[in-house]
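S.K.: next one to model:
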Amino acid sequence: MSVAAFTGGMFAENGYLVRCDETGRAIVVDPGASASAMVAELEAHGSRPDAIVLTHAHLDHVEGIPAVRDAWPDVPILLHEADLPLYHAVGQQAAMFGLTAPRLPAPDGRLDEGQEIRVGTAARFEVRLAPGHAPGHVILVDHDAGLTLVGDVVFQGAIGRTDLPGGDFKTLMTSIRERVLTLPDAMRLLPGHGPETTVGHERVGNPFLVPMYGGRFA
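M.R.: From the prediction side, this is the model:
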């Protein structure tokens, strides 16, 4: 399996391309401003995505969907239903930053707690609901590969913001304690912004999480 990050735009958002090297099957996760580069990478390998998988529906994580759909009009868009209001309000989201949002196609399918997403023979992701940054935020855990796509739940040395519509600090901290810090310390965390990290590093080094070492508030 190969997992490549594509970073771009004013928000420096990380979109991820997960590809099975054996079968060529792939998924596009959170296509943001660098979605065109993701499309080019897939085409260079003669691959096409099986799905567009969204950890959540904030503008910077969905603005590249039209670029992927222009290349493959029938690729399904998967999103947790609790984030549908955010998805449909992408225009209002953009206006908050003085931007104009692209017109987005309707999602085609749901992401649910405990759902499994396979990428060829190389990857098997467990969908975990982890709200707080957004109501329907999910993380994608590949236990066998030891990596998790965490979206904007937690970053290297930081956590997701909760001041946007649908955000809630207490809910986010609960998600981090119960959905992230319960994973093995060696688990790689690939976030929606910034460099990758590990559960163990954030457990003892993240200034937002150190007071709750072991998943409990100090």
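
S.K.: show me the contacts for the residue lying closest to Met1 once chain neighbours are set aside.
M.R.: Among residues not flanking Met1 along the chain, Ala122 sits closest, at 3.6 Å (CB to CB, 6 or more residues apart in numbering). Just so you know, the C-beta spots here come from the backbone N, C-alpha and C atoms, and that holds for glycine as well. Counting by CB atoms under 8 Å, 6 or more residues apart in numbering, Ala122 makes contact with 1, 19-23.

S.K.: quick check, nearest of these to Pro195?
M.R.: Pro195 lies nearest to Met1 out of these, by CB to CB, at 19.7 Å.

S.K.: wait, the closest one sits on Cys20?
M.R.: Yes: here Met1 lies in contact with Cys20, judged by CB atoms under 8 Å, at a distance of 6.0 Å.

S.K.: tell me if I'm right that Leu54 and Pro76 touch.
M.R.: No: under the criterion of CB under 8 Å, Leu54 lies out of contact with Pro76, with a separation of 11.1 Å.

S.K.: that older thread, which neighbours do Met1 and Cys20 share?
M.R.: With contacts defined as CB under 8 Å, 6+ apart, the residues adjacent to both Met1 and Cys20 are 119-120, 122-123.

S.K.: lowest-confidence entry in the residues you listed?
M.R.: In terms of pLDDT, Ala122 ranks lowest among the shared contacts of Met1 and Cys20, with 83.

S.K.: for stretch 110-117, which outside residues touch it?
M.R.: Stretch 110-117 is contacted from outside by 27, 51, 53-54, 78-81, 123-129, 136, 138, 140, using CB under 8 Å, 6+ apart.

S.K.: buried residues, that stretch. List them.
M.R.: If you call a residue buried by 16 or more other CB atoms under 10 Å, then stretch 110-117 has these buried ones: 111, 115, 117.

S.K.: any idea of the pLDDT on the second one?
M.R.: What that stands for is Gln115. For Gln115, the pLDDT comes out at 97.

S.K.: what's the spacing between it and Val127?
M.R.: 4 Å (CB to CB, to the nearest Å).

S.K.: now Ala37
M.R.: Note on Ala37: its distance to Val127, by CB to CB, is 26 Å.

S.K.: need the longest helix for this structure.
M.R.: When the chain is parsed with DSSP state H, its longest helix is helix 35-44.

S.K.: beyond that helix, next helix or strand please.
M.R.: Where DSSP states H and E defines the elements, the next helix or strand beyond helix 35-44 is strand 49-53.

S.K.: please enumerate the helices of the chain.
M.R.: Assigned by DSSP H, the chain shows helices spanning 35-44, 59-62, 65-71, 84-88, 90-96, 169-175, 199-205.

S.K.: what's the first one packed up against?
M.R.: Put plainly, it is helix 35-44. Contacts of helix 35-44 with other secondary structure elements, assessed using 3 or more CB pairs under 8 Å, 6 or more residues apart in numbering; DSSP states H and E, are made with strand 2-8, strand 13-19, strand 26-29, helix 65-71.

S.K.: of those, which stretch is the most buried?
M.R.: Of all those, strand 26-29 has the most neighbours on average by mean count of other CB atoms under 10 Å, namely a mean of 27.
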